[in-house]
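Asker: Sequence plus the predicted model coming up.
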Amino acid sequence: MNNSNKSLLYKLDPRTKMLMLLGFIIGGVLIQDPIIVLVLLLGVIAIYVKIGLTERLKKLMGTIWIAMILLFLLNFPFVKPKPGEEILLYLIPPDHVPVAISNLAQGIANALRFAFFILVATLLTETTPTADLVRALVKLKMPPEIAISIGIAFSYIPVLVKEFETIIEAQRSRGANFETKNPLKKIYLLIPVIVPAMFISIIRGREIAKVIEARGFMYDPRNRTYRRELKLKMEDKGMIILTFVFVICIAILKSKGYLEYTSTLEYLIRR
């Protein structure tokens with residue numbers, strides 16, 4: 001809790017943090033070079049450690065690594081090497097699903113980008129109360145019905161991860177074994193976890209809808225008042241400026257042909 005009182009990230013206006021999230025997403029989409037994406041990912045990891053969310057980070061990475069492996073492997077059947085590029089190997093011998101530097105770099109970038117997006121989005125929900133998210137969206141002239149839906153969706157991410165972990169522990173207590181080095185077998189073993197997790201999510205969604213209706217949110221939501229009004233401070237304005245500078249710099253570099261999948265690697269080879 002002490003970290004939350006000292007960290008700038010906790011003190012920022014939720015609108016500022018949402019704009020920063022949008023800027024990171026735009027930058028993550030434009031940046032294709034896996035080395036630069038890795039640098040961004042390490043930067044976000046450093047923020048988790050700095051503000052005292054190390055345990056949360058470990059749990060997240062322990063959950064999303066399977067999806068990262070899947071994204072990496074599913075890249076090769078759909079992305080072909082560049083014409084004339086040297087083939088490193090074939091995933092399906094003798095000559096099916098070729099792997100070259102270009103699609104290998106793209107597969108790594110896609111996996112790292114997925115982890116980057118998840119960590120950044122979770123960072124927003126971990127440092128911003130749901131009520132502040134809803135209030136920020138309403139301030140941005142979004143319909144209150146949509147605002148509360150998005151706010152609940154963001155806040156439900158850590159709840160869903162926690163329920164996923166609880167189901168895994170429950171299945172282990174019944175004798176299930178999820179320890180395997182084979183990623184495909186790992187996915188198959190997780191089916192008894194994914195199905196009840198989806199079922200619980202549907203039930204939880206219905207309960208949330210009933211609670212919202214019982215508390216009278218749908219009665220004139222546009223004219224609701226809030227105890228604390230949001231105001232942009234000096235640090236908010238500074239972070240907004242830095243976010244715009246970051247996105248503009250990334251867009252300029254992208255337009256000049258940099259930030260491609262093998263840009264950094266080709267530069268290092270030329271050096």
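Answerer: It's in.
Asker: State whether Y90 is indeed within a strand.
Answerer: Yes. Under DSSP: H, G, I helix; E, B strand; the rest coil, Y90 falls within a strand.
Asker: so where do the helices sit in the stretch 51-200 of the chain?
Answerer: Along the stretch 51-200 of the chain, counting by DSSP state H, counting those that start in this stretch, helices occupy 54-78, 101-127, 130-139, 144-173, 183-189, 191-214.
Asker: pLDDT below threshold where in the stretch 151-271 of the chain?
Answerer: Across the stretch 151-271 of the chain, the ranges flagged by pLDDT under 70 are 154-155, 157, 181, 183, 215-228, 261-263, 265-271.
Asker: how far does stretch 172-185 stretch from start to finish?
Answerer: This stretch, stretch 172-185, spans 16 Å end to end (C-alpha to C-alpha, to the nearest Å).
Asker: Just tell me which of the helices of the stretch 51-200 of the chain ends up closest to L91.
Answerer: Smallest distance to L91 across these (C-beta to C-beta): 5.8 Å, for helix 54-78. For glycine as for every other residue, the C-beta is placed from the backbone atoms N, C-alpha and C.
Asker: hmm, back to that, which one, of the helices of the stretch 51-200 of the chain, ends up nearest to G23?
Answerer: Here helix 101-127 is closest among the helices of the stretch 51-200 of the chain (C-beta to C-beta), at 9.9 Å.
Asker: Taking helix 54-78 as reference, get the angle to the closest one.
Answerer: 150 degrees (axes from the mean of the first three to the mean of the last three C-alpha atoms, to 10 degrees).
Asker: how about helix 101-127: buried residues?
Answerer: 101-120, 122-127 (16 or more other C-beta atoms under 10 Å).
Asker: just stretch 62-72 next, same as before
Answerer: Quick answer for stretch 62-72 (16+ other C-beta under 10 Å): 64, 68, 71-72.
Asker: Mind putting these into TSV with pLDDT?
Answerer: TSV is the format used below for these (pLDDT from 0 to 100):
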residue	pLDDT
I64	85
M68	88
L71	84
F72	87
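Asker: can you redo the helices of the stretch 51-200 of the chain as JSON lines with distance to L253?
Answerer: Below are the helices of the stretch 51-200 of the chain laid out as JSON lines (distance: least, C-beta to C-beta, whole Å):
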{"stretch": "helix 54-78", "distance to L253": "23"}
{"stretch": "helix 101-127", "distance to L253": "15"}
{"stretch": "helix 130-139", "distance to L253": "30"}
{"stretch": "helix 144-173", "distance to L253": "30"}
{"stretch": "helix 183-189", "distance to L253": "34"}
{"stretch": "helix 191-214", "distance to L253": "39"}
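Asker: mind checking which of the ones you listed is nearest L21?
Answerer: Closest of the helices of the stretch 51-200 of the chain to L21 is helix 101-127, at 5.3 Å (criterion: C-beta to C-beta).
Asker: How far does that closest one sit from its chain's centre?
Answerer: For helix 101-127, the separation from the chain centroid amounts to 7 Å (computed by C-alpha atoms, centre = their mean, to the nearest Å).
Asker: any idea how far A111 is from M68?
Answerer: Separation of A111 from M68 (C-beta to C-beta, to the nearest Å): 4 Å.
Asker: can you give me phi and psi for the most far-flung residue of the chain relative to its centre?
Answerer: Here the chain reaches farthest from its C-alpha mean at P94, the gap being 37.1 Å by C-alpha atoms, centre = their mean. Note on P94: its backbone torsions stand at phi -90, psi -30 [degrees, to the nearest 10].
Asker: Give me the nearest residue to the spatially most central residue of the chain, chain neighbours excluded.
Answerer: Nearest to the geometric centre of the chain sits I118, at 1.6 Å (C-alpha atoms, centre = their mean). Of all residues not flanking I118 in the chain, I64 sits nearest, at 5.5 Å (C-beta to C-beta, 6 or more residues apart in numbering).
Asker: Test my guess that that neighbour contacts F117.
Answerer: No. Shown here, I64 and F117 do not form a contact pair, counting by C-beta atoms under 8 Å, at 9.9 Å.
Asker: how's the protein carved up into domains?
Answerer: Split into domains by automatic domain parsing, the chain comes to 1-128+240-271, 129-231.
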